[in-house]
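Peer 1: Sequence and predicted model, in that order:
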Amino acid sequence: MSNRLLEINNLNISFGSGKNVFNAVTDISLSVSTGQTAALIGESGSGKSVTSLSVLKLLPANGRAESGSIRFDDKEILQMTEKEMQKIRGNEISMIFQDAIASLNPAMKVGVQITEGLKYHKQMPKSELRTVALTLLEQVGFHNPAHIFDQYPSQLSGGMKQRILIAMAISCRPKLIIADEPTTALDVTIQRQVLDLIADYKIREDASVLMITHDFGVVAEYADWVYVMFGGRIVESGDVFTIFNNPIHPYTKGLIGCIPSLESDGDRLKSVYDYSFEEAGYKGRKFAPETYSMESKVYHAPSSLIEVEPGHYVRLFDESEVTIVG
Ligand SMILES: Nc1ncnc2c1ncn2[C@@H]1O[C@H](COP(=O)(O)OP(=O)(O)OP(=O)(O)O)[C@@H](O)[C@H]1O
């Protein structure tokens, strides 16, 4: 078996029907190897969440994977039935959602909520559930697990609730964790704790993480492999060192330029668009995903990723590599 636990190939996802079809994700390919963290980074609306939801077959009702493949542990997800997916969700793949704190049941003790997955997926006897839940609470950093077990969500802070969610996510010892901006609502110290807990789990269990983020600082610290998304496509990918040392696509450069730095001497934080305007010398988004217009002509950019050095892929964007189609 390959060590690619998750492998997405040429995935296309659209919403709507008839004339109102909208392609949210176009020709995405990515993989997450065993024991590694892959980050999917891009601005809001670039298709990160839609891609990750498709791995669990949890797309909204008006969305669908049109073509491509999603292989997890050498099984094709897109061909699985709902019943088969129920055995995978929360068991082999866990997802920590952006706004997941709201999903905690306010009327149930958090300790009991942690045991739900174990009852459902592992048929664990009642006598063992409490002991396992206490261990999980310890693993996510609670020094007084017996006390926390009996608390209701309203008695806990946001950061504590986030740790409960991580305990739930890891309870069945999933092979893959999908973390969709799990820290957006939290302050910086707690963000780090949450990301560290996910990283600890990954190391302890030799598990894999697909991390969805818009923060290159987080990518630098936690990811092994990076996929940069723009407009529903991957525009650059490679291992984290290569992407930081030799970013090629203007959008990637822009994102890296957005990381606040202590040495920046008080400079205004550049937005990605400022960067592309200045660096690319174009009026408009030079690196638009497929077509863009300039001086009343429409340009069509080649849509394939090119391997510019071993393992480093970039979608072409240079004017010399653009053909005029209209
Ligand atoms: N139910 C839906 N119906 C129609 N379009 C949708 C639906 N859900 C998402 N989209 C569209 O799909 C595109 C990708 O959205 P997605 O949520 O994956 O972006 P994202 O990169 O995860 O952004 P964010 O960081 O804000 O979550 C967006 O243009 C979005 O408007």
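Peer 2: Sure, I can see it.
Peer 1: who are the neighbours in contact with residue 10?
Peer 2: Applying Cβ atoms under 8 Å, 6 or more residues apart in numbering to residue 10 gives the contacts 27, 28, 29, 67, 68, 69. Glycine gets a C-beta too; all of them are placed from N, C-alpha and C.
Peer 1: run the last query once more with 10 Å
Peer 2: Residue 10 makes contact with 26, 27, 28, 29, 67, 68, 69, according to Cβ atoms under 10 Å, 6 or more residues apart in numbering.
Peer 1: The first one and residue 51, how far apart?
Peer 2: For residue 26, the distance to residue 51 equals 11 Å [Cβ to Cβ, to the nearest Å].
Peer 1: picking that back up, ok, and the most crowded of the contacts of residue 10?
Peer 2: residue 28 (23 neighbours; other Cβ atoms under 10 Å).
Peer 1: For the lengthiest helix in the chain, output the C-alpha coordinates as PDB.
Peer 2: What stands out as the longest helix in the chain, according to DSSP state H, is helix 188-205. Coordinates of each C-alpha in helix 188-205 appear next as PDB, following Å, rounded to 0.1, in the frame of the first residue of the first chain:
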ATOM      1  CA  VAL A 188      -3.300  33.600  19.700                       C
ATOM      2  CA  THR A 189      -2.200  31.600  22.700                       C
ATOM      3  CA  ILE A 190      -5.100  29.300  22.500                       C
ATOM      4  CA  GLN A 191      -4.700  28.900  18.700                       C
ATOM      5  CA  ARG A 192      -1.200  27.600  19.300                       C
ATOM      6  CA  GLN A 193      -2.400  25.200  22.000                       C
ATOM      7  CA  VAL A 194      -5.000  23.800  19.700                       C
ATOM      8  CA  LEU A 195      -2.600  23.400  16.800                       C
ATOM      9  CA  ASP A 196       0.000  21.800  19.100                       C
ATOM     10  CA  LEU A 197      -2.600  19.300  20.400                       C
ATOM     11  CA  ILE A 198      -3.400  18.300  16.800                       C
ATOM     12  CA  ALA A 199       0.300  18.000  16.100                       C
ATOM     13  CA  ASP A 200       0.900  15.900  19.200                       C
ATOM     14  CA  TYR A 201      -1.800  13.500  18.200                       C
ATOM     15  CA  LYS A 202      -0.400  13.200  14.700                       C
ATOM     16  CA  ILE A 203       3.000  12.300  16.100                       C
ATOM     17  CA  ARG A 204       1.700   9.900  18.800                       C
ATOM     18  CA  GLU A 205      -0.500   7.900  16.400                       C
END
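Peer 1: before we move on, which element is residue 131 in?
Peer 2: Using DSSP states H and E, residue 131 maps to helix 126-139.
Peer 1: chain center to that helix, what's the gap?
Peer 2: 28 Å (Cα atoms, centre = their mean, to the nearest Å).
Peer 1: That one - contacts with which helices or strands?
Peer 2: Contacts defined by 3 or more Cβ pairs under 10 Å, 6 or more residues apart in numbering; DSSP states H and E place helix 126-139 against helix 110-122, helix 145-149, helix 158-170, helix 188-205.
Peer 1: What confidence value was assigned to the nearest residue to residue 218 once chain neighbours are set aside?
Peer 2: Distances taken as Cβ to Cβ, 6 or more residues apart in numbering place residue 195 nearest to residue 218, at 6.6 Å, with adjacent residues excluded. For residue 195, the pLDDT comes out at 89.
Peer 1: ok, so what distance separates residue 195 from the ligand?
Peer 2: 17 Å (Cβ to the nearest ligand atom, to the nearest Å).
Peer 1: what's the answer for residue 248, then?
Peer 2: Counting by Cβ to the nearest ligand atom, the gap from residue 248 to the ligand is 21 Å.
Peer 1: Please determine how far that residue is located from residue 26.
Peer 2: Distance, residue 248 to residue 26, by Cβ to Cβ: 20 Å.
Peer 1: between the longest helix of the chain and helix 126-139, how many degrees?
Peer 2: Counting by axes from the mean of the first three to the mean of the last three Cα atoms, to 10 degrees, helix 188-205 lies at 120 degrees to helix 126-139.
Peer 1: Helix 188-205 packs against which elements?
Peer 2: Partner elements for helix 188-205 (3+ Cβ pairs under 10 Å, 6+ apart): strand 37-41, strand 93-96, helix 126-139, helix 158-170, strand 176-180, strand 208-213, helix 216-222.
Peer 1: closest one to the ligand among these?
Peer 2: The ligand sits nearest to strand 208-213 of all the helices and strands packed on helix 188-205, at 6.5 Å, using Cβ to the nearest ligand atom.
Peer 1: just checking, residue 67 is part of a helix?
Peer 2: No - membership of residue 67 in a helix is not supported by DSSP: H, G, I helix; E, B strand; the rest coil, which gives strand.
Peer 1: dump the residue contacts of it.
Peer 2: Residue 67 makes contact with 9, 10, 11, 12, 13, 14, 27, 78, according to Cβ under 10 Å, 6+ apart.
Peer 1: Reformat these as TSV; add pLDDT.
Peer 2: Below are the contacts of residue 67 laid out as TSV (pLDDT from 0 to 100):
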residue	pLDDT
9	95
10	93
11	95
12	94
13	94
14	92
27	89
78	95
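Peer 1: Good, wrapping up.
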